[in-house]
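Chemist: predicted model, plus sequence, below.
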Amino acid sequence: MKTSVSSVVAVVALLVSSGSLALQLRRDKTVAKFDKYLVPANLTELQYRLDQANIQIISARASLDRGVMLPSVRKISDDHKHILMRATISEEDLPSRADDRKKVLYETGLFAAMAVMGQFDEGELSLNDITVEFCPIGCKKNYAVFDKGELAFQ
């Protein structure tokens, strides 16, 4: 009798574990676009420090171009689906005509998005994955936002 009870227990355990495995396989696991990059990189401490020095040099030498400073990556969104960037602007140094302002901000947003997209495999990112905020010096509120390939004034 012991063997038949243990056989039944083994069969039940096998069925339960098989059912559990089937449920886990059926679950649709959605992974955010940038999760696969949130792992350590193969970068030496020296290379990291030199890259940071290059960034500081470039940033320090960057000047306003038609009222807009060089955009920079701020962070990945909380849901890990978008890259958030920011460009500081000087409203008084932006072109005076509205069409010219829009053109400068649009071109800057597109340039920034394309620069980031170029760091990933072709087709992996699109304009929908990148947001560029244009914020005046002291930034209390965005002046404009380039999002999904469109520029919107705030």
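Modeler: Received the coordinates, thanks.
Chemist: show me the contacts for residue 63.
Modeler: residue 69 (CB atoms under 8 Å, 6 or more residues apart in numbering). For every residue, glycine as well, the C-beta is placed using N, CA and C.
Chemist: from residue 31, how far out is it?
Modeler: 41 Å (CB to CB, to the nearest Å).
Chemist: tell me, what residue is most central in the protein?
Modeler: Against the mean C-alpha coordinate of the chain, by CA atoms, centre = their mean, the closest residue is residue 83 at 2.1 Å.
Chemist: I'd like the distance between the residue nearest to it when sequence neighbours are not counted and residue 140.
Modeler: Residue nearest to residue 83 in three dimensions, not counting chain neighbours: residue 130, with 5.0 Å by CB to CB, 6 or more residues apart in numbering. Distance, residue 130 to residue 140, using CB to CB: 23 Å.
Chemist: which one of those two has more residues nearby?
Modeler: residue 130 (24 against 6; other CB atoms under 10 Å).
Chemist: do I have it right that that one meets residue 111?
Modeler: No - Residue 130 is beyond contact range of residue 111, at 11.2 Å (criterion: CB atoms under 8 Å).
Chemist: joint contacts of these two?
Modeler: Counting by CB under 8 Å, 6+ apart, residue 130 and residue 111 have no contacts in common.
Chemist: any idea how far the residue nearest to residue 113 when sequence neighbours are not counted lies from residue 150?
Modeler: Nearest residue to residue 113, sequence neighbours excluded (CB to CB, 6+ apart): residue 130, at 4.3 Å. Using CB to CB, residue 130 is found at 12 Å from residue 150.
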